[in-house]
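Enquirer: Next comes the sequence, and after it the predicted model I'd like to discuss.
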Amino acid sequence: MEKKLLKKRKKGRKASATGARYALLLLIVMGVAVLAGATSFHLQHEQRRFPHDWRIAGVNTSGMSLFEARQRLQQFAQVWEDATLTVQAQTADGVTLWQTQIARKQIGASIDVEATLQRAWDQMQRHPPFIRTVLGWVRKQTGEDIKPVIRIDKTQFDTWLRSCKKELESPPRDARIRYLSAGKWEVQPEQAGVRLADSAEEKLIQALHGAEALCTLPLEEAPPRITREHVQHIDCEWTFATTRYSERDRNRTHNVRKAAKSINGIVLLPGDVFSYNEVVGPRTLREGFRRAPVIVRGELVPGDGGGVCQVSTTLYMAALQAGLQIVQRSKHAIPISYAPPGLDATVVYGVIDLRFRNNTPSPIALVAEAKGGKMTVRVLGSSPHKREVRIKRIVHAVIPAPVKTFPTEKLPAGATKVIDKGQRGWRVSVYRTIQEPGKPPLREKIGTDFYRPQARVVLVGQGASGQEKHSVHLPPTASSGEEQPQ
């Protein structure tokens with residue numbers, strides 16, 4: 001009886017232990033299920049949200065959805081782009097020569113909000129969702145401060161940088177010759193300029209990307225190309241050329257003097273090429289030139305910068321006589337009064353230029369002066385390299401001006417009136433002989449030019465005999481104009 005009772009007790013204990021184990025297992029399974037459910041719910045809830053302690057461009061986005069983070073970043077971007085950046089330029093020894101304040105957006109800088117959000121989200125995805133959740137529960141750091149994606153509009157950036165250069169940079173000034181009188185001149189010394197260093201652009205871009213409030217741009221010295229040492233051996237006048245103009249035309253006289261002033265004193269080193277258009281610049285009213293007669297399709301009409309071709313023609317003749325190499329030269333369409341056919345040189349800014357090279361071993365200087373109705377260009381150089389030059393013109397043909405008659409009742413019958421004298425046509429060749437010290441003479445053909453004749457216009461009277469004569473004013477001739485684009 002006692003044995004049976006003991007067996008029942010043992011069986012009860014085993015059943016009780018087994019039940020306890022089942023209950024514990026059931027509790028564990030239920031706990032895991034609850035945890036999994038809670039985690040799943042949390043992950044679904046937090047799937048499009050940033051975790052704890054997450055910052056983007058310094059903006060706290062903890063627990064924010066993408067929509068909320070986007071709104072916050074857009075507000076931050078607006079403030080960032082409107083913020084003022086102080087930009088200054090300093091010399092190598094720390095002297096500030098220029099300073100300005102400007103909003104970042106005016107330089108072309110902006111924050112790409114969408115690209116910044118994508119960068120932050122990609123960075124966050126390095127941690128699996130479950131790990132992010134667990135670390136978030138225990139308040140462990142899972143994020144970092146994500147730098148914003150900054151865009152720079154290159155066109156706007158370059159435009160602003162160019163405007164800064166115009167304001168703060170000063171170009172170097174080459175040494176020049178100041179002509180005093182026959183055989184006397186002085187050297188105007190060179191002067192260094194100031195310019196932004198090559199690294200300035202990169203420093204400004206780095207300041208924008210780094211969200212700095214102050215950017216210091218480095219300045220450097222811009223050395224002149226021609227110094228006093230280059231011109232110290234210029235000791236004699238090689239040649240000169242002179243043409244005449246009427247000072248009664250004040251606008252044309254002004255243009256002649258202005259163009260001559262641009263050329264006066266320029267020094268060309270051996271191998272340098274002189275460009276008339278580069279030195280004189282645009283002949284516009286904005287640049288200080290005036291309206292005066294110019295040649296358009298063989299006729300004289302008002303135009304900007306009339307008179308500058310007389311300066312280029314005089315300069316061309318001086319360059320020929322100095323033995324310099326002619327690189328580019330164009331004739332006028334019709335003969336001009338201030339130079340023989342074949343020795344003129346027309347110019348049109350951006351289209352037709354006068355260019356010649358200093359093909360001598362010596363630096364040379366150009367002296368140009370317009371005074372008292374005389375336009376004069378001199379070429380100065382060193383006496384050991386002075387050349388003897390002879391210019392020869394050969395006229396192949398002189399073509400008479402054709403006559404055009406027009407009837408008019410404003411003149412008595414049989415009476416005539418010349419309203420345009422016309423121009424003879426020419427066909428002429430120019431040759432040059434250059435004699436250099438210790439070398440045989442060099443004879444070269446400069447070119448052959450053809451100038452078409454201009455008609456002589458005559459009015460023939462058809463009116464009644466004894467009719468009162470009407471005065472007819474002669475139009476100005478084209479002999480003093482400048483060639484213009486056709």
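Expert: In hand now; what should we look at?
Enquirer: From here on, just use CA atoms for contacts and neighbour counts.
Expert: Will do.
Enquirer: per-residue confidence at residue 5?
Expert: Residue 5 is assigned 47 on the pLDDT scale.
Enquirer: Ok, residue 19 next?
Expert: Residue 19 carries a pLDDT score of 60 in this model.
Enquirer: next one: residue 249
Expert: In the prediction, the pLDDT value recorded for residue 249 is 89.
Enquirer: quick one: it from residue 292, how far?
Expert: Taking C-alpha to C-alpha, to the nearest Å as the measure, residue 249 falls 8 Å from residue 292.
Enquirer: more neighbours, those two?
Expert: Regarding residue 249 and residue 292, a neighbour count based on other C-alpha atoms under 10 Å identifies residue 292 as having more, with 24 against 12.
Enquirer: can you give me the helices for this protein?
Expert: Counting by DSSP state H, the chain has helices at residues 2-45, 66-82, 113-124, 129-137, 154-168, 200-209, 228-231, 250-263, 276-280, 308-321.
Enquirer: so how far is residue 200 from the residue minimising distance to the centre of the chain?
Expert: Centroid check for the chain by C-alpha atoms, centre = their mean gives residue 162 as the closest residue, at 8.6 Å. Residue 162 sits 12 Å away from residue 200, going by C-alpha to C-alpha.
Enquirer: quick one: the strands in the stretch 301-450 of the chain?
Expert: Remark: strands assigned in the stretch 301-450 of the chain by DSSP state E, counting those that start in this stretch are 325-328, 355-357, 364-371, 374-381, 388-399, 403-412, 416-420, 425-435, 442-451.
Enquirer: Low-confidence ranges, the stretch 251-400 of the chain, go.
Expert: Within the stretch 251-400 of the chain, the stretches with pLDDT under 70 are 293-304.
Enquirer: quick one on the thing from earlier: wait, which of the strands of the stretch 301-450 of the chain is closest to residue 158?
Expert: When the strands of the stretch 301-450 of the chain are compared for distance to residue 158 using C-alpha to C-alpha, the nearest one is strand 355-357, at 32.3 Å.
Enquirer: and the closest residue to residue 119 other than its chain neighbours, what does it touch?
Expert: Spatial nearest neighbour of residue 119, excluding adjacent residues (C-alpha to C-alpha, 6 or more residues apart in numbering): residue 146 at 7.7 Å. For residue 146, the set of contacting residues under the criterion of C-alpha atoms under 8 Å, 6 or more residues apart in numbering consists of 55-58, 119-120.
Enquirer: Among those residues, the buried ones, what's the ChimeraX command?
Expert: Those of these that count as buried under 16 or more other C-alpha atoms under 10 Å are selected in ChimeraX with:
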select :55,56,57,119,120
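Enquirer: ok, the contacts of residue 146 vs residue 71, which is closest?
Expert: For the contacts of residue 146, the residue nearest residue 71 by C-alpha to C-alpha is residue 56; the value is 12.4 Å.
Enquirer: Test of understanding: give the bridge partners of the closest one.
Expert: Bridge pairing for residue 56 (DSSP bridges) gives the partners residue 59, residue 146.
Enquirer: check contacts around it.
Expert: Residue 56 makes contact with 73, 116, 120, 144-148, according to C-alpha under 8 Å, 6+ apart.
Enquirer: Quickly note the distance from it to residue 113.
Expert: 10 Å.
Enquirer: intersection of neighbour lists for these two?
Expert: Shared contacts of residue 56 and residue 113, defined by C-alpha under 8 Å, 6+ apart, comprise 73, 148.
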